[in-house]
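In: The following block contains a protein sequence and its predicted model.
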Amino acid sequence: MESYYHLAEYYDVLMDDVDYDNWCSFIEKIYNAYDCKPHNILDTACGTGNITIPMALKGYDIWGVDISEEMLAIAENKARNKKLNIKFIKQNMTELALNKSFDSVLCMCDGVNYIVDEEDLFRYFKIVYNLIKAGGIFIFDISSRYKLANILGDNTLFQEKDDFCYVWENCFDQEEELLEMHLNFFIPQQGLYKRMEEYHMQRAYSEEHLIKLLSEAGFHNIKSYDDMKLEKPTNRTERIFFAAQKL
């Protein structure tokens, strides 16, 4: 079952409580901490453009890449409505082939968690390293192992949003470090409800392991941050940001 096939249409409604402007402001705080002033940025796993578009409105020359054609169609429409000329590309971020280099690469909102194979993740880090110009910054975030195992894992969530509702059943495999997510959407249709299913999987990565992989990929000045803070994460941090520099 293809992830985000059905979810694309409802993704922005599900995420309407996320402050993406604050997210983008924190990205800029990291740039300032590195004394980096990027002009052109690549946003990988860009989804419906919730980071791409606000960054473009801040004046950055930004491209968006995602594997989901449905998500990209929504992103392009949102950008067009704001009269933004953003290049959106359909590619798998673990197999990126772009004839361009960037001052910075981003991967926000759990994109790295969705790379469940470690070889694929290392290949992605190497691709990003090769795409970034000297002095450039790679920034990404993850849902921490604490969040996947203790907040989401083995829990069932139910929520009503506008004119639909969904049930989100989660199972965390402690041995494999994998969170399986089964989502059932119930959409009103002519007095009845149409049921749509999606399946998602995320891997829990430790802070130390990701720093090791980034270093092996060639990055330097690797730092990790607590959620929206320029501080070290704790063992109860739910979202961890990472930044790494190509010298």
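Out: Everything's here; your move.

In: In contact with the closest residue in space to E198 that isn't next to it in sequence, which residues?
Out: Leaving aside its sequence neighbours, E198 sits nearest to L183 (CB to CB, 6 or more residues apart in numbering; 4.4 Å). Yep, even glycine has a C-beta here, placed from its N, CA and C like the rest. Contact analysis of L183 by CB atoms under 8 Å, 6 or more residues apart in numbering lists L7, Y166, V167, W168, E169, E197, E198, Y199, H200.

In: ok now the helix or strand harbouring L183, how far from the chain's centre?
Out: When elements are assigned from DSSP states H and E, L183 belongs to strand 178-189. Strand 178-189 sits 19 Å away from the centroid of its parent chain (CA atoms, centre = their mean, to the nearest Å).

In: Using CSV, write down the CA coordinates of that strand.
Out: In CSV, the C-alpha atoms belonging to strand 178-189 read as follows (Å, rounded to 0.1, in the frame of the first residue of the first chain):
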residue,chain,number,x,y,z
LEU,A,178,10.4,-0.1,13.8
LEU,A,179,7.1,1.7,14.3
GLU,A,180,4.3,0.3,12.1
MET,A,181,1.3,2.7,11.6
HIS,A,182,-2.0,1.6,10.2
LEU,A,183,-4.3,4.5,9.4
ASN,A,184,-8.0,4.1,8.6
PHE,A,185,-9.8,7.2,7.2
PHE,A,186,-13.6,7.4,7.2
ILE,A,187,-14.8,9.9,4.6
PRO,A,188,-18.5,10.9,4.5
GLN,A,189,-20.0,10.0,1.1
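
In: which element follows it toward the C-terminus?
Out: With DSSP H and E, the next secondary element past strand 178-189 is strand 192-203.

In: and that following strand with strand 178-189, angle?
Out: 160 degrees (axes from the mean of the first three to the mean of the last three CA atoms, to 10 degrees).

In: Sheet partners, orientation included, of strand 192-203?
Out: Strand pairing for strand 192-203, determined by DSSP bridges: strand 178-189 (antiparallel).
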